[in-house]
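Participant: curious how this folds, go ahead:
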Amino acid sequence: MENQAYDARLKITLPEKVDKQVVIVDIDEKSLNELGQWPWNRNIMARISDVLFDYYHIKAIGYDIVFAEEDIDEGAKMLEEMADGVLGDNPEFITEYNRVIPSLRHDQLFAEALKNRKTVMGFVMDTDTIKGTLPPAITRLDKKTLDRLPLAKPQGYTANLELLQNSAFSGGFFDNPLLDDDGVFRRVPLLQAYDGYLHESLALALTRVALGSPPIEMVVETNEDGRDLFLEWVTTGEIAIPVDHHSGVLVPYIGKQKSFEYLPATDVLNKRIPKEKLEGKITLFGASAPGLLDLRTTPLEPTFPGVEVHANIIQGILDGRILHAPGYTQGFEFILIALIGIILTFALPMLSALYSTLVIVLSIIILIASNFYAWTSAQLVLPIAAPVLLVILLFALQMTYGFFVESRGKRQLAHLFGQYVP
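Facilitator: Numbers count the residues shown, from 1 in each chain. This next block holds a predicted model:
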């Protein structure tokens, strides 16, 4: 019920106008039809990267895709076998081989397109395997500090080829270990720890790269005995991002899917898009085509492109629109429920049915209005479902009890008069 109440408030308070600083270069059906099935050859990815930076002059790009496998060109493989074999002593063949082979080493071409540019590679940490190369970590945490922080601590990862990751500027994970029980993307972690090293999410990494790579700091609180550490904020430069104890950030959705500009990858490659739509923008490269299975369930829609979740987080960080569910909300909820229970338990029996109804309606209005005010003015997510449900249940209990007491009194009176009146 609390999740449903959160979803309802989110839908009601969607922003009417947002200065969108993020665009999505999309692997859509049109691009698949023109460029072929996914995955595309890395030389196509290299050309797209060159066009985005050299022609459109984007600010930075993040890849919501893992390039974990080598792009093996069969033609290049055959030429290499011939060069190592019978034609290795043929000068004319070797000359032609040296001229042609660089254009067939697609991974190398893509790596060259990533170098010296603000490029962020995506990877997955919530796996049981170890594959690829992780980007440089934010920092290394000692075991004592790591044990006291309730961060996600995956045991494996699937990352990009070493050649590609070392050529890129940075990297960030895009898996979500904080998925709610109903499978809805409400929270996404900004940080995870692997083998003592702290890594950032794709959305946070791309935001930092676009801002000039300011350092990351964690603001933590501790309990009275100092045994545990609790994350409250993650700061990068002058931006403070409210998080929960697991570094989770509530996704600040601005609307249903396609709220951001989706530009087909094939149109970008062929320069069919006007320059002003991409110039100076933070760019995400991802997929919305249903067959590529990058669709998520969100509070707004049951099928939502995963790449747009990252876009919403980046936009929310830049705009300072991240909602905060602080650690004291559980204590606040307990105190609120206790006060409501005590006051209404003693007050309702002393009131008539009409006044009890008025008190209950007024209580619900006050609870909802104050909660909505905290949401809109202070960006605080406070519990609302349990307090409202308690008020309704207390009213139902009081009315039910009053009904049976009244009915019993009437039966006793009828029985008494029945002894004297036919």
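
Participant: at which residues are the helices of the stretch 1-150 of the chain located?
Facilitator: All helices of the stretch 1-150 of the chain, identified by DSSP state H, counting those that start in this stretch, fall at 2-12, 29-35, 42-50, 74-84, 91-104, 106-114, 143-148.

Participant: elements contacting the third one?
Facilitator: The one in question is helix 42-50. Identification of packing neighbours for helix 42-50 by 3 or more Cβ pairs under 8 Å, 6 or more residues apart in numbering; DSSP states H and E yields helix 106-114, helix 265-269. In short, each C-beta sits where N, CA and C put it, glycine included.

Participant: rank those helices by pLDDT, which is bottom?
Facilitator: Of all these, the minimum mean pLDDT falls on helix 106-114 (a mean of 91).

Participant: angle of it against helix 42-50?
Facilitator: 10 degrees (axes from the mean of the first three to the mean of the last three Cα atoms, to 10 degrees).

Participant: tell me what helix 106-114 is packed against?
Facilitator: Against helix 106-114 (3+ Cβ pairs under 8 Å, 6+ apart) you get helix 42-50, helix 91-104, helix 162-167.

Participant: C-alpha coordinates for it, PDB please?
Facilitator: Provided in PDB are the C-alpha atoms of helix 106-114 (Å, rounded to 0.1, in the frame of the first residue of the first chain):
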ATOM      1  CA  HIS A 106      36.700  -3.300 -35.500                       C
ATOM      2  CA  ASP A 107      37.400  -3.400 -31.700                       C
ATOM      3  CA  GLN A 108      40.500  -1.300 -32.300                       C
ATOM      4  CA  LEU A 109      38.500   1.200 -34.400                       C
ATOM      5  CA  PHE A 110      35.900   1.500 -31.700                       C
ATOM      6  CA  ALA A 111      38.600   1.900 -29.100                       C
ATOM      7  CA  GLU A 112      40.200   4.700 -31.100                       C
ATOM      8  CA  ALA A 113      36.800   6.500 -31.300                       C
ATOM      9  CA  LEU A 114      36.500   6.300 -27.500                       C
END
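
Participant: list the contacts of Phe372.
Facilitator: Phe372 is in contact with Arg9, counting by Cβ atoms under 8 Å, 6 or more residues apart in numbering.

Participant: in JSON lines, list the helices of the stretch 1-150 of the chain along with distance to Thr345 and mean neighbour count.
Facilitator: Converted to JSON lines, the helices of the stretch 1-150 of the chain look like this (distance: least, Cβ to Cβ, whole Å; neighbours: other Cβ atoms under 10 Å):
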{"stretch": "helix 2-12", "distance to Thr345": "23", "mean neighbour count": "15"}
{"stretch": "helix 29-35", "distance to Thr345": "60", "mean neighbour count": "16"}
{"stretch": "helix 42-50", "distance to Thr345": "66", "mean neighbour count": "20"}
{"stretch": "helix 74-84", "distance to Thr345": "78", "mean neighbour count": "13"}
{"stretch": "helix 91-104", "distance to Thr345": "79", "mean neighbour count": "12"}
{"stretch": "helix 106-114", "distance to Thr345": "65", "mean neighbour count": "21"}
{"stretch": "helix 143-148", "distance to Thr345": "40", "mean neighbour count": "12"}
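
Participant: between those helices, which one is nearest to Leu178?
Facilitator: With Cβ to Cβ as the measure, helix 2-12 is the member of these nearest Leu178 (13.1 Å).

Participant: so for that closest one, mean pLDDT?
Facilitator: pLDDT averaged over helix 2-12 gives 93.

Participant: and it, how far out from the chain's middle?
Facilitator: 17 Å (Cα atoms, centre = their mean, to the nearest Å).

Participant: and for stretch 373-380?
Facilitator: Mean-position distance between stretch 373-380 and its chain equals 21 Å (Cα atoms, centre = their mean).

Participant: what's the answer for stretch 250-265, then?
Facilitator: 12 Å.

Participant: reformat the helices and strands packed on helix 42-50 as CSV; add distance to Ser370.
Facilitator: Output for the helices and strands packed on helix 42-50, formatted as CSV (distance: least, Cβ to Cβ, whole Å):
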stretch, distance to Ser370
helix 106-114, 50
helix 265-269, 47
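
Participant: the strands in the stretch 151-300 of the chain, which residues?
Facilitator: 156-158, 170-173, 187-189, 191-194, 197-200, 216-222, 229-236, 239-242, 248-250, 261-264, 282-287, 295-296 (DSSP state E, counting those that start in this stretch).

Participant: thanks a lot, see you next time.
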